[in-house]
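> Task: produce atomic coordinates for the following.
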Amino acid sequence: MTLTTIKENRDFRKIYSKGKSYVSPVLVTYVLKQRYNKPRVGITTSKKIGKAVQRNRARRVVMAAYRELYPEFENLGYDFIFVARGRTPYVKSTDVMRCMKKQLKKAGVIK
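Numbering: from 1, shown residues only. Prediction:
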């Protein structure tokens, strides 16, 4: 299982502007349909989250939740951006996964 990540600023801007967003206290999810049959993911954490330790933990927690859900949409062509919120570094990855799953169901990505 190799995950494809979004690195280019123009890709982030495109998904922010054209994608659909889903908000919760733990996570904001942006989803945009794309042509390829491989999902791509980008994770952002701002300085509002805290210092580097909290931001890195937030990224790790979000990535762990994404990896857990990945087999459900492995062959679908979507771009995802997950934006960590203030509570993200202080919750477990299972809580983030539950929230992420709810948002992806609402987006119609998973059943």
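> could you show me where the strands are in the chain, in order?
Ranges of strands in the chain, per DSSP state E, are 4-5, 20-23, 27-33, 40-44, 78-84.
> Flag the shaky bits of the chain, pLDDT-wise.
Segments of the chain classed as low confidence (criterion: pLDDT under 70) are 1.
> ranges for the helices of it?
Counting by DSSP state H, the chain has these helices, from start to end: 9-18, 52-69, 93-107.
> so what's the residue nearest the centre of the chain bridging to?
Closest to where the C-alpha atoms of the chain average out (C-alpha atoms, centre = their mean) is Phe82, at 2.8 Å. Going by DSSP bridges, Phe82 is paired in beta bridges with Thr29, Ile43.
> tell me the contacts of it?
Counting by C-beta atoms under 8 Å, 6 or more residues apart in numbering, Phe82 makes contact with 27-30, 41-44, 62, 66, 100. For the C-beta atoms, the positions are set from N, CA and C on the backbone; glycine is no exception.
> how about a cut-off of 10 Å?
For Phe82, the contact set (C-beta atoms under 10 Å, 6 or more residues apart in numbering) comprises 27-30, 41-45, 58-59, 62-63, 65-66, 88, 96, 100, 103.
> go on, Lys38?
Counting by C-beta under 10 Å, 6+ apart, Lys38 makes contact with 2-4, 74-78.
> Compare those residues and tell me which is most surrounded.
Most neighbours among the contacts of Lys38, by other C-beta atoms under 10 Å: Tyr78, with 21 neighbours.
> pretty sure that residue is touching Gly19, no?
Yes. Between Tyr78 and Gly19 there is a contact under C-beta atoms under 10 Å: 9.3 Å.
> Overlap of the contact sets of those two?
31-34, 107.
> Which single one of these is nearest to Val53?
Checking these against Val53 by C-beta to C-beta gives Val31 as the nearest, at 28.9 Å.
> Kindly confirm whether my reading is correct that the closest one touches Lys105.
No. Using C-beta under 10 Å as the test, Val31 is too far from Lys105 to be in contact (11.3 Å).
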